[in-house]
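Asks: sequence-free structure coming up:
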C-alpha cells in the first residue's frame with residue numbers, strides 16, 4: 001500500500017437478523033478461502049513460484065476458483081464474496097512467497113559474508129601487514145565499489161544502497177586472490193562498510209562469526225515454516241485433528257499401550273496448531289461497491305451483494321468528517337448524470353474490509369442479562385462485533401491533494417490510451433482490448449472535465465531539502481534526535497527524549513470550569529472535562545510535564561515483569577494485569593506524543609526529511625547475539641544459558657519501538673514530511689547514532 005494511504009476503523013450496528021445472515025455467509029466464504037489456500041501448493045508451477053517469490057500471473061487463481069464456486073456449499077455466496085476470496089488468497093500467498101524469498105536471500109548473503117570473513121582468521125596468522133596498508137587498500141576498495149554502484153543503480157534509499165554496496169564488496173572478495181586485498185575487504189565487512197582507525201580483535205571477530213552462524217541457523221529453521229493454514233470458523237478442523245491425534249491404530253490393543261506411545265501422543269497434542277476461529281474479512285474495492293446514506297445524525301452503509309441489509313456507522317467524532325466526506329462523494333456522484341460523474345480515482349474512500357472481532361464487553365453484557373433474568377448471549381453473531389476498516393488516500397482530503405491525484409491519474413491514463421491508439425492504427429485490437437480502450441477513454445474524459453465535491457484547502461509543507469532529522473532508538477533512551485545540514489555535513493542540534501518532550505510552550509490545564517487558554521494557537525475553549533472535575537482550587541493551574549511519563553512507563557513494565565516472574569515461580573498461569581494494560585495504553589499515548597513533538601520540531605526547523613531506524617530483522621540479530629553470549633558465558637550449562645537469555649531478553653524488549661516508529665511515520669506523512677528508513681549503527685553513542693542517521697542521506701543524494 002502506498003505511503004499516502006491510511007486506515008480508519010469504525011464499528012457497525014445492525015439488527016440481529018442482519019448480523020446472523022452475514023455470519024452464516026462468512027463461514028462458507030472462509031471455507032472457500034481455505035480450499036483455495038490448499039489448492040495452490042498442489043499446482044506444478046508452485047516450486048517455480050517459490051523460487052521467484054511471487055505468482056507471476058495474477059489470473060492463476062481463477063481456474064482454481066472456477067472449479068469450486070459451483071459446489072453446493074459455495075454456490076449461494078454473493079459474487080462480491082467470490083471476488084474477495086480470490087483477492088484475499090492472492091494477497092496471502094503473495095506475502096508468504098515474498099517472505100520466503102527474502103529469508104532465502106538473507107541466508108545466502110549471510111553465508112557469503114561468513115565465508116569471506118572466516119578467511120581473516122587464517123590470513124591474520126600467516127599474512128602480516130601493517131594496519132595503514134589495510135586501511136589504504138580498504139579505502140580504495142570502498143571507492144571502487146561506490147563508483148561501480150553509481151553506474152549500476154539509480155538514486156535509492158540508504159538501506160538498498162548499503163545492501164547493493166555489500167554485494168559488490170563480496171563479489172570483489174570472491175574474485176581477488178591478493179591476501180592484502182582480501183584483508184582490506186574483510187576490514188570493511190567486519191566494520192559495517194567503514195574504515196576505522198583500529199583493527200578488530202580476533203577474539204571479537206570469532207564472537208561475531210558465532211553470532212552470525214546462529215542467525216543463519218535460525219533463518220534456516222524459519223524458512224521451513226508451514227504453508228498458510230487458513231482458519232477454522234466451524235471448529236471442525238481442530239476437532240478432527242484432535243481425534244486423529246488421540247486415536248490409536250485399529251490393530252493396537254488398548255491394554256498393551258506403553259508409556260512411550262502415550263508420551264508421543266501428548267507431544268503431538270502440544271504441537272497441534274492453534275486455529276483462528278474468526279471468519280476471514282470480506283474486502284470491497286472500487287467506488288461502486290458500497291452505498292452511503294445519512295439520516296439526521298446517523299450514517300449508514302450497504303454493500304453490493306448485501307444491498308438489502310443496512311449497517312449503521314459508529315465512529316469517533318474525529319473520524320466523523322471523513323465519513324461525511326464519503327457520503328458527500330457518493331451522493332454527489334449519484335445525483336449527476338452519466339456524463340457529469342467524476343472518476344472513481346477521485347473518491348476519498350479507496351477500499352473497505354468487513355470483519356468480525358470478539359466483543360470486549362461481552363462479560364458485562366451477560367452480567368446485566370443475568371441480573372435482569374434474561375438469557376446470556378451465546379450465538380457468535382451476538383458474542384462478536386462487526387467492524388469496517390476503510391482505506392483512505394490522505395491527499396484526497398484536501399483540494400490541493402485532489403488536484404495532484406487528478407493530474408497523476410490523467411497522465412497515467414493518457415499514456416495507456418495513446419499506446420492503445422497506436423496499436424489500433426497498426427493492427428486490429430481484440431474485443432477485450434477494444435473494451436478496455438473505451439473504458440479508459442471514458443475515464444480520461446471524466447478526469448479532464450468533471451471534478452469531485454469541493455474539499456478544504458490546506459497549504460503544502462515545503463521544507464529545506466538540505467535539512468534532515470535523524471532518529472535513533474536505544475534500550476537506555478526511547479528516542480534521540482539530531483538535526484543536520486547534509487550540504488555542510490554538520491549536525492546543528494541534538495535532543496534526547498526529555499529535552500524533546502520539553503520543547504514548545506507548556507500547556508496550562510485549568511480544572512475550575514472557566515474559559516482558559518489550553519491550546520497552542522491561543523484559542524480559548526473549555527478543558528475536555530467540561531469543568532466537571534474540580535480537583536484544584538479555583539485559579540490554580542498545572543503545567544504538563546510529559547517527560548515524567550517515560551519513567552512511569554518503565555516502572556510499570558518492571559512491575560509487570562516481577563508479577564510474571566512471581567507467577568512462574570508459583571507454577572501458575574500469568575494473566576495480564578491492570579498494570580500491564582495501563583502501561584500499554586500509557587506507552588501508546590507517549591509514543592504519539594513523542595511523534596507529535598518530533599514533527600513539530602521538524603516543522604519549526606524547516607526539515608524536509610526524517611530518517612527513521614530500520615527495525616526489520618533486529619529481533620533475529622539481537623536473539624543471535626544473546627544466544628552466542630550465553631554460550632560463551634556458560635558453555636556447559638543449558639539451564640544457566642536459558643536463564644541468561646530470558647533475563648537479557650526481558651531487559652531488551654522494554655519499549656514498543658515498532659509502535660513508536662509507526663507513530664512517527666504516520667504523523668510525519670500527515671504533515672507532508674518525507675520519511676526514509678535507514679539502518680541504525682550499533683557501535684557508537686546515542687547522539688552519534690542519530691547524527692549518522694541524518695548524515696546518511698548525503699550518501700543517498702550522492703548516489
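Replies: Sure, I can see it. Bear in mind the structure is a predicted one, so any value in this text is a computation, not a measurement.
Asks: tell me what the top helix by length along the chain is packed against?
Replies: Taking DSSP state H as the assignment, the helix of the chain that covers the most residues is helix 79-126. Contact partners of helix 79-126 among helices and strands, from 3 or more C-beta pairs under 8 Å, 6 or more residues apart in numbering; DSSP states H and E: helix 16-39, helix 46-52, helix 62-66, helix 158-175, helix 179-190, helix 202-222, strand 282-285. For every residue, glycine as well, the C-beta is placed using N, CA and C.
Asks: got the phi and psi for the residue lying closest to residue 350 once chain neighbours are set aside?
Replies: Leaving aside its chain neighbours, residue 350 sits nearest to residue 391 (4.8 Å; criterion: C-beta to C-beta, 6 or more residues apart in numbering). With angles defined as degrees, to the nearest 10, residue 391 sits at phi -90, psi 130.
Asks: isn't residue 391 right up against residue 283?
Replies: No - using C-beta atoms under 8 Å as the test, residue 391 is too far from residue 283 to be in contact (9.4 Å).
Asks: now for the two: what residues contact both?
Replies: By C-beta atoms under 8 Å, 6 or more residues apart in numbering, residue 391 and residue 283 have these common neighbours: 351, 352.
Asks: between the two, who's got more neighbours?
Replies: Shown here are residue 391 and residue 283; by other C-beta atoms under 10 Å, residue 283 has more neighbours (21 against 17).
Asks: so, low pLDDT: which residues of the stretch 401-550 of the chain?
Replies: Residues of the stretch 401-550 of the chain that meet the criterion pLDDT under 70 lie in 504-545.
Asks: let me see the ranges of the strands in it.
Replies: 464-472, 480-485, 490-495, 508-509, 516-517, 524-525, 542-543 (DSSP state E, counting those that start in this stretch).
Asks: pick the most deeply packed of those strands.
Replies: The highest average neighbour count among the strands of the stretch 401-550 of the chain, using mean count of other C-beta atoms under 10 Å, belongs to strand 480-485 at a mean of 24.
Asks: adjacent strands (with direction) for it?
Replies: Strand 480-485 has the following sheet partners, assigned by DSSP bridges: strand 464-472 (antiparallel), strand 490-495 (antiparallel).
Asks: roughly how far does residue 284 sit from residue 348?
Replies: 15 Å (C-beta to C-beta, to the nearest Å).
Asks: likewise residue 209?
Replies: Distance of residue 209 to residue 348, computed by C-beta to C-beta: 54 Å.
Asks: these two: which is more packed in?
Replies: More crowded of residue 209 and residue 348, by other C-beta under 10 Å: residue 348, with 23 against 18.
Asks: isn't that one right up against residue 329?
Replies: Yes - if you go by C-beta under 8 Å, residue 348 and residue 329 touch, sitting 5.8 Å apart.
Asks: give me the domain ranges for the protein.
Replies: 282-449, 466-504+544-702, 507-539 (automatic domain parsing).
Asks: mind putting those into a markdown table with distance to residue 126?
Replies: Converted to a markdown table, these look like this (distance: least, C-beta to C-beta, whole Å):
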| stretch | distance to residue 126 |
| --- | --- |
| domain 282-449 | 60 |
| domain 466-504+544-702 | 26 |
| domain 507-539 | 67 |
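Asks: what's the average pLDDT for the longest helix of the chain?
Replies: For helix 79-126, the mean pLDDT works out to 89.
Asks: what does whatever helix or strand comes next after that helix rub up against?
Replies: Following helix 79-126 in sequence order, the next helix or strand is helix 131-152 (DSSP states H and E). With contacts defined as C-beta under 8 Å, 6+ apart, helix 131-152 is touched by 161, 164-165, 168-169, 172, 180-181, 183-185, 187-188, 193, 195, 197-199, 703.
Asks: how about stretch 35-50?
Replies: Against stretch 35-50 from outside (C-beta under 8 Å, 6+ apart): 55-56, 60-61, 64-65, 68, 85-86, 89, 92-93, 97, 100-101, 227-230.
Asks: how about that stretch: buried residues?
Replies: Across stretch 35-50, burial judged by 16 or more other C-beta atoms under 10 Å covers 35, 36, 37, 39, 40, 46, 49.
Asks: taking the mean pLDDT, what do you get for it?
Replies: Here the average pLDDT along stretch 35-50 is 89.
Asks: just checking, residue 469 touches residue 481?
Replies: Yes - using C-beta under 8 Å, residue 469 is in contact with residue 481, at 6.3 Å.
Asks: which neighbours do those two share?
Replies: By C-beta under 8 Å, 6+ apart, the residues touching both residue 469 and residue 481 are 598, 601.
Asks: now do the contacts for residue 375.
Replies: Contacts of residue 375 (C-beta under 8 Å, 6+ apart): residue 369.
Asks: so what's the predicted local confidence for it?
Replies: 90.
Asks: one more: residue 703?
Replies: pLDDT, residue 703: 47.
Asks: same question, residue 219
Replies: 87.
Asks: wait, it sits on residue 100?
Replies: No - using C-beta under 8 Å, residue 219 is not in contact with residue 100, being 11.0 Å away.
Asks: just the closest of the buried residues of stretch 35-50 to residue 648, please.
Replies: Among these, residue 37 lies closest to residue 648 (C-beta to C-beta), at 38.0 Å.
Asks: quick one: the closest one and residue 427, what's the gap?
Replies: Counting by C-beta to C-beta - residue 37 and residue 427 are separated by 41 Å.
Asks: repeat for residue 458
Replies: Distance, residue 458 to residue 427, by C-beta to C-beta: 47 Å.
Asks: which one of those two is surrounded by more residues?
Replies: Between residue 458 and residue 427, counting by other C-beta under 10 Å, residue 458 is the more crowded of the two (12 against 8).
Asks: where's the residue lying closest to that one once chain neighbours are set aside relative to residue 493, distance?
Replies: Spatial nearest neighbour of residue 458, chain neighbours left out: residue 398 (4.3 Å); criterion: C-beta to C-beta, 6+ apart. Counting by C-beta to C-beta, the gap from residue 398 to residue 493 is 31 Å.
Asks: what's around residue 460, how many residues?
Replies: Applying other C-beta under 10 Å, we find 10 residues neighbouring residue 460.
Asks: for it, give me its contacts.
Replies: By C-beta under 8 Å, 6+ apart, the residues touching residue 460 are 400, 672.
Asks: now it: how far from residue 398?
Replies: Taking C-beta to C-beta as the measure, residue 460 and residue 398 are separated by 9 Å.
Asks: repeat that for residue 51.
Replies: Counting by C-beta to C-beta - residue 51 and residue 398 are separated by 44 Å.
Asks: which of those two has more neighbours?
Replies: Ranked by neighbour count (other C-beta under 10 Å), residue 51 and residue 398 place residue 398 first, with 16 against 11.
Asks: can you check the pLDDT for that one?
Replies: Looking at residue 398, its pLDDT reads 89.
Asks: quick one: contacts for it?
Replies: 455, 456, 457, 458.
Asks: list phi and psi for it.
Replies: On the backbone of residue 398 - angles per degrees, to the nearest 10 - the values are phi -120, psi 160.
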